[in-house]
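*Asks:* return atomic coordinates for the entry below.
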Amino acid sequence: MTFHLSANTPAGGAPARSVEELRDLRGRVDALNARYRHHGAVSVLEGALRDPEAGQIALVSSFGAESVVLLHLVAMVERKTPVLFIDTRLLFPETLAYQQEVAERLHLQDLRVLRTDEVLLRERDPNDDLRQTSTDACCALRKTVPLEKALQGFDGWITGRKRFQSTTRAALEFFELEEETGRIKVNPLAHWAPEDVRAYMDENRLPRHPLVARGYPSIGCAPCTSPVAEGEDPRAGRWRGEDKQECGIHFVNGRMVRPGEDAGETKGPST
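*Replies:* The predicted structure is shown next:
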């Protein structure tokens, strides 16, 4: 199943939440973290998918280097969980092939492939070179715009983020609140270490992304991902040479919003 966001669809996020709504949502997130603080990934997933406090949840997966672990766990808990895969049209061919292999092997029953509509791409990136002037704007257009559309109607989403991956993720909790959208973000593997990921893959004989063996421990779009040398941060190959550590789907509309800026705009590079 493939979903497109058309040129007529607004790129803005969910409507602003009232103070009372945000207070209630923070309370729900705090309650979930307290309830599952000493639990493992499977219990957190079961809570996210079955606990009324969590609401309707989807899994967002890049089908990257470590994605198969979370996909396997979700498939064991509930194969009908909606799985959202963002095809930016700039992914490695190996990623597209791997996505099909994993989805078939795990018998995922509700895989949704998300793409920004061709009309919108031509409007905002007519020469297919937006990434050369602003990777933030490119990520917003190709990732956050279709994801925000697909997440409408869901109360939250499951991610594969882990504390060890980068300094920006070092304090991850199992449950987070996106105050801008009012959605709950679930990070079942937040406390897993690299050896936990490897051991789980080995024990369950899960297929590896083919690029991992070629030095890609974190895999995004082909133009903005490079191999990582021994000793480097696992995400050092993402947007190498730029002051950028996240693709943008964990911010507002693909970018960090500074005071006075419009979160709904997709802007070019700042001067």
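*Asks:* after the strand or helix carrying residue 99 comes which helix or strand?
*Replies:* According to DSSP states H and E, residue 99 maps onto helix 93-106. Next along the chain after helix 93-106, taking DSSP H and E as the criterion, comes strand 111-116.
*Asks:* strand partners (parallel or antiparallel) of that next one?
*Replies:* As defined by DSSP bridges, the strand partners of strand 111-116 come to strand 2-5 (parallel), strand 83-86 (parallel).
*Asks:* before we move on, the earlier item: just the buried residues of the helix holding residue 99, please?
*Replies:* Along helix 93-106, these residues count as buried under the neighbour rule (16 or more other C-beta atoms under 10 Å): 94, 95, 98, 99, 102, 103, 106. Every C-beta, even on glycine, is put in place using the N, C-alpha and C of the backbone.
*Asks:* which stretches in the stretch 1-150 of the chain count as helices?
*Replies:* With DSSP state H, counting those that start in this stretch, the ranges of helices along the stretch 1-150 of the chain come out as 19-36, 41-50, 67-77, 93-106, 118-124, 130-133, 135-139, 145-151.
*Asks:* would you mind giving these as JSON lines with distance to residue 193 added?
*Replies:* Converted to JSON lines, those look like this (distance: least, C-beta to C-beta, whole Å):
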{"stretch": "helix 19-36", "distance to residue 193": "19"}
{"stretch": "helix 41-50", "distance to residue 193": "12"}
{"stretch": "helix 67-77", "distance to residue 193": "12"}
{"stretch": "helix 93-106", "distance to residue 193": "22"}
{"stretch": "helix 118-124", "distance to residue 193": "39"}
{"stretch": "helix 130-133", "distance to residue 193": "32"}
{"stretch": "helix 135-139", "distance to residue 193": "28"}
{"stretch": "helix 145-151", "distance to residue 193": "28"}
